[in-house]
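In: here's a sequence, model it:
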Amino acid sequence: MKPDATRSRTSASRASMASALGLCLALATTAFARADIATPEQKRACTPDVYRLCAGEIPNVRAITACLRRQKANLSDACRAVFEQ
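Out: Numbering: from 1, shown residues only. Predicted coordinates for the structure are as follows:
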């Protein structure tokens, strides 16, 4: 594999991870009107579900949040709890 291709994949992977973490921040403000940022626990709870259920929506944070809400029945217990609080 060419070094440029490897670098490009690494950059895309980092961008996806940043988007998922951004989503967790959005979840905190959407799910918890009283909170300004997601807690580390909220991030840990929902990031795997973003990749599992809504990866096609990355990097659109609003679309990811809407996707997770639509997928509520399929969320992990931990992420579902974030949306139910």
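In: helix, strand, or coil at His44?
Out: Careful, residue 44 is Arg; it's not His. With DSSP: H, G, I helix; E, B strand; the rest coil as the basis, the three-state label of Arg44 is helix.
In: no, scratch that, I was asking about Pro59
Out: Recorded secondary structure, Pro59: coil (three-state DSSP).
In: quick one: the nearest residue to Ala63 once chain neighbours are set aside and Arg69, what's the gap?
Out: Of all residues not flanking Ala63 in the chain, Glu57 sits nearest, at 4.0 Å (C-beta to C-beta, 6 or more residues apart in numbering). From N, CA and C alone the C-beta is placed, and that goes for glycine too. According to C-beta to C-beta, to the nearest Å, Glu57 and Arg69 sit 12 Å apart.
In: looking at the two, which is more packed in?
Out: Neighbour comparison, Glu57 and Arg69: the larger count goes to Glu57, with 18 against 13 (by other C-beta atoms under 10 Å).
In: enumerate every residue touching that one.
Out: Ala63, Ile64, Ala66, Cys67 (C-beta atoms under 8 Å, 6 or more residues apart in numbering).
In: how much space is there between the residue lying closest to the third one once chain neighbours are set aside and Leu75?
Out: Put plainly, it is Ala66. Ranked by C-beta to C-beta, 6+ apart and with sequence neighbours excluded, the top spatial neighbour of Ala66 is Glu57, at 7.9 Å. Distance of Glu57 to Leu75, given as C-beta to C-beta: 14 Å.
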